[in-house]
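Chemist: Sequence and predicted structure, then a few things I'm wondering about:
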Amino acid sequence: DAVAGSAAVVLCDYGSGALPGPVQEALQAHRADRLLVVDAHNLRQWRTLRPDLVTPNAQEAARLLDLEFGPDADRAGLVADASRNLLAATGAEAVVATLDRDGTLLVNNDGGAHRTWASPVSEKQASGAGDTFVACLTLARAAGLPLTTSQDLAQVAADVVVHRPGTSVCTTADLAGHLGAFTEAALGAEELARAVAAERSAGRRIVLTNGCFDVLHRGHTTYLTQAKQLGDVLVVALNSDASARRLKGPDRPINHAADRAGVVASLSCVDYVTVFDTDTPIPLIEALKPDIYAKGGDYSPQMLAETPAVEAYGGQLAILDYVSDHSTTAVVKRIRAQDGAGEAAAGTGPA
């Protein structure tokens, strides 16, 4: 009866033997189209249910793939490389591997992948972060959020509890409060310089990228994930409203700088956000001297005005996958078209 009245089912099987058999048969009989998330030590045992999502941890994923993760292994990379085998072994539509300090990695049958990064903690704690992640992931997905958004939100919830002593939970208020803290996310020049200096003194490689990031979409998040993977710390510099207006036209940006900074800062792949008012980020590049300056576009380094500034101090320039502004423009046009249609239907639009 409980299954029949639910929008989602989370199956947690820790290998005690209580769930296989009658419970498995009942789930098979009443599966219908409800969301099924399986969090089990032995995921092969549940593959016949064809789960929507499975959430193996690093050890469980390694066993499924007959791999051994060494202490310095690129676990996310190894899981991504073996994604087809992982999906086949679990029978799932999508796998979200939870990799503790390395965040999480989503792979699915469409060939897509999405990465989150965990907020670091100084000491290992028994916090219930894994259970929190699965619970939030399921709730968000059952509420209709896209899978990648659900994964990002679940990472935030896990970060909340992992920074608390002992075992904890993340309430709705906790989650809202944590996300609300990003509304004042943009750092000033001096504060950012101090933060970058501290990260560099700890031996971390600094990556800088920039853009308007107005009306954030999947192309943006893919690009920022790629930029993060180039180093250890990702700094995102946003064009100010005035700078974006000069670059994009008088009707942009749609979202003010503070709102754009809050959204970008909430992404787990982003470590710091700042806002610059110049037409190019060259002054910021010269001040921060990032190890890597990342730019998305269909051009060569020779075409970039920033290249001489990066090369002057021995930095590297990385050209990432092109994120066309047409995708943002198309989203804006759709929104405005729908608003216009709604106003006309209500009799408030133009005749």
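Modeler: Structure's in. What do you need? What you are looking at is a predicted structure, and each value in this text was computed from that prediction instead of being measured.

Chemist: So which residues of the stretch 201-350 of the chain form helices?
Modeler: Secondary structure of the stretch 201-350 of the chain by DSSP state H, counting those that start in this stretch: the helices cover 218-228, 241-248, 257-265, 282-288, 307-312, 325-345.

Chemist: now Pro120, what's its secondary structure?
Modeler: When classified by DSSP: H, G, I helix; E, B strand; the rest coil, Pro120 comes out as coil.

Chemist: Please list all residues in contact with it.
Modeler: Arg101 (C-beta atoms under 8 Å, 6 or more residues apart in numbering). C-beta here means a position set from N, CA and C on the backbone, and glycine is covered the same way.

Chemist: Point out where the stretch 251-351 of the chain drops to low pLDDT.
Modeler: Applying pLDDT under 70 to the stretch 251-351 of the chain flags the ranges 298-299, 322-332, 334-336, 338-351.

Chemist: ditto for the chain
Modeler: Residues of the chain that meet the cut-off, pLDDT under 70, sit at 1, 122-126, 181-184, 298-299, 322-332, 334-336, 338-351.

Chemist: how is it carved up into domains?
Modeler: If you go by automatic domain parsing, the domain ranges for the chain are 8-180, 185-329.

Chemist: got TSV for these, with distance to Ala337 too?
Modeler: Compiled in TSV, those are given as follows (distance: least, C-beta to C-beta, whole Å):
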stretch	distance to Ala337
domain 8-180	22
domain 185-329	12
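
Chemist: Of the ones you listed, which is nearest Ala2?
Modeler: Ala2 lies closest to domain 8-180 among the domains of the chain, at 8.7 Å (C-beta to C-beta).

Chemist: Any idea how far that closest one is from the middle of the chain?
Modeler: Averaging C-alpha positions (C-alpha atoms, centre = their mean, to the nearest Å) puts domain 8-180 14 Å from its chain's average.

Chemist: now the end-to-end length of it.
Modeler: 28 Å (C-alpha to C-alpha, to the nearest Å).

Chemist: ditto for stretch 71-80
Modeler: End-to-end distance for stretch 71-80, by C-alpha to C-alpha: 18 Å.

Chemist: With stretch 85-96 instead?
Modeler: So stretch 85-96: terminal residues 14 Å apart, C-alpha to C-alpha.

Chemist: Repeat that for stretch 15-25.
Modeler: Stretch 15-25 has an end-to-end distance of 17 Å (criterion: C-alpha to C-alpha).

Chemist: which of the residues in it are buried?
Modeler: Leu19, Gln24 (16 or more other C-beta atoms under 10 Å).

Chemist: Repeat that for stretch 23-32.
Modeler: Buried, per 16+ other C-beta under 10 Å, within stretch 23-32: Gln24, Leu27.

Chemist: ok, and what's touching that stretch?
Modeler: Val3, Ala4, Val9, Leu11, Leu36, Trp46, Thr48, Leu49.

Chemist: and with 7 Å instead?
Modeler: Val3, Ala4, Val9, Leu11, Leu49 (C-beta atoms under 7 Å, 6 or more residues apart in numbering).

Chemist: wait, the last one sits on Leu36?
Modeler: Yes. Here Leu49 lies in contact with Leu36, judged by C-beta atoms under 7 Å, at a distance of 6.3 Å.

Chemist: Between the two, which has more neighbouring residues?
Modeler: Using other C-beta atoms under 10 Å, the more surrounded residue of Leu49 and Leu36 is Leu36, with 23 against 19.
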